[in-house]
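1. Show me the folded form of this:
(chains A and B)
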Amino acid sequence: AQSVSQHNHHVILSEAASLELGCNYSYGGTVNLFWYVQYPGQHLQLLLKYFSGDPLVKGIKGFEAEFIKSKFSFNLRKPSVQWSDTAEYFCAVNNNNAGNMLTFGGGTRLMVKP
Amino acid sequence: KAGVTQTPRYLIKTRGQQVTLSCSPISGHRSVSWYQQTPGQGLQFLFEYFSETQRNKGNFPGRFSGRQFSNSRSEMNVSTLELGDSALYLCASSLLGLAGSSYNEQFFGPGTRLTVL
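-> Numbers count the residues shown, from 1 in each chain, chains lettered A, B, ... in the order given. Sure, this is the predicted structure:
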């Protein structure tokens, strides 16, 4: 069975600081990778996705993520965070043999101080 | 285009009762998945329906069931409710049911907050 680990449960940053959230997965086959964000009181929204090709993917709101196959990692980055980035971030994995099933990591709560 | 809608948004039930939650996918989407979100267990996959057939099922007891109608709308049912079933239940829809394609991006609804007393 596949699993996803997010090592940082809570992160507190000041505005303009750089962000990197870690995500590691365990699955030996081909995977599709996602980062979702859940702003306070809002539903889950897709930040970015990786299916194939360039391992550095860019998403909305200035976020990007890098897929490193040898490390089974898909870390999320943003060079300069804003107060409005305060939210919970979820890494998710889908494998080609499981339909649309997503396996989520435990989430990382990001608080950005103004 | 309207997003995924879920009804009701909030629900309070007592132990032993049963509950039915409804999900209307984005128009044209044929795949519907359900997830349970709790503070302790995070987001966990319940099941996925595509063209009225259950395609995948997560690791939940048989008290959790679902179905999909010909118009792609889906319902999930939880029988004999337990306190631990208190959670946010999320529905997600996808254009197609093909994994590994560029179309399996899922769009999530706002969820139904179920409280079991």
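2. and the residue nearest to the spatial centre of chain A, what helix or strand is that in?
-> The residue lying closest to the centre of chain A (C-alpha atoms, centre = their mean) is A:W35, at 3.4 Å. For A:W35, the element it lies in under DSSP states H and E is strand A:31-38.
3. what pairs with that strand, and is each one parallel or antiparallel?
-> When pairing is defined by DSSP bridges, strand A:31-38 lines up against strand A:45-50 (antiparallel), strand A:87-95 (antiparallel).
4. Adding mean neighbour count and mean pLDDT, write those strands out as CSV.
-> Just so you know, the C-beta spots here come from the backbone N, C-alpha and C atoms, and that holds for glycine as well. Converted to CSV, the strands paired with strand A:31-38 look like this (neighbours: other C-beta atoms under 10 Å in any protein chain shown; pLDDT from 0 to 100):
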stretch, mean neighbour count, mean pLDDT
strand A:45-50, 18, 93
strand A:87-95, 23, 94
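5. Reformat those as TSV; add distance to B:D85.
-> TSV is the format used below for the strands paired with strand A:31-38 (distance: least, C-beta to C-beta, whole Å):
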stretch	distance to B:D85
strand A:45-50	26
strand A:87-95	21
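6. nearest to B:T53, of the ones you listed?
-> Proximity to B:T53 (C-beta to C-beta) singles out strand A:87-95 among those, at 18.7 Å.
7. Neighbouring strands of the helix or strand just after that closest one in the sheet, and parallel or not?
-> Next along the chain after strand A:87-95, taking DSSP H and E as the criterion, comes strand A:103-104. Its sheet considered, strand A:103-104 pairs with strand A:87-95 (antiparallel) by DSSP bridges.
8. ok now the partner strand, how far from the chain's centre?
-> 5 Å (C-alpha atoms, centre = their mean, to the nearest Å).
9. same thing with stretch B:72-87?
-> 9 Å.
10. Tell me the buried residues in it?
-> Neighbour counts over stretch B:72-87 (16 or more other C-beta atoms under 10 Å in any protein chain shown) mark B:S72, B:R73, B:S74, B:E75, B:M76, B:V78, B:L81, B:D85, B:S86, B:A87 as buried.
11. cool, and stretch A:54-63?
-> In stretch A:54-63, counting by 16+ other C-beta under 10 Å, buried: A:V57, A:G59, A:F63.
12. Would you mind giving those residues as a markdown table with secondary structure added?
-> Output for the buried residues of stretch A:54-63, formatted as a markdown table (DSSP: H, G, I helix; E, B strand; the rest coil):
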| residue | secondary structure |
| --- | --- |
| A:V57 | strand |
| A:G59 | coil |
| A:F63 | coil |
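13. Out of the residues you listed, flag the one nearest to chain B.
-> A:G59 (11.9 Å; C-beta to the nearest C-beta).
14. The closest one touches A:W35, doesn't it?
-> Yes - between A:G59 and A:W35 there is a contact at 6.9 Å, judged by C-beta atoms under 8 Å.
15. joint contacts of these two?
-> A:L46, A:L47, A:L48, A:K49, A:A65 (C-beta atoms under 8 Å, 6 or more residues apart in numbering or on different chains).
16. shouldn't the second one be in contact with A:K78?
-> What it means is A:L47. No - if you go by C-beta under 8 Å, A:L47 and A:K78 don't touch, sitting 9.7 Å apart.
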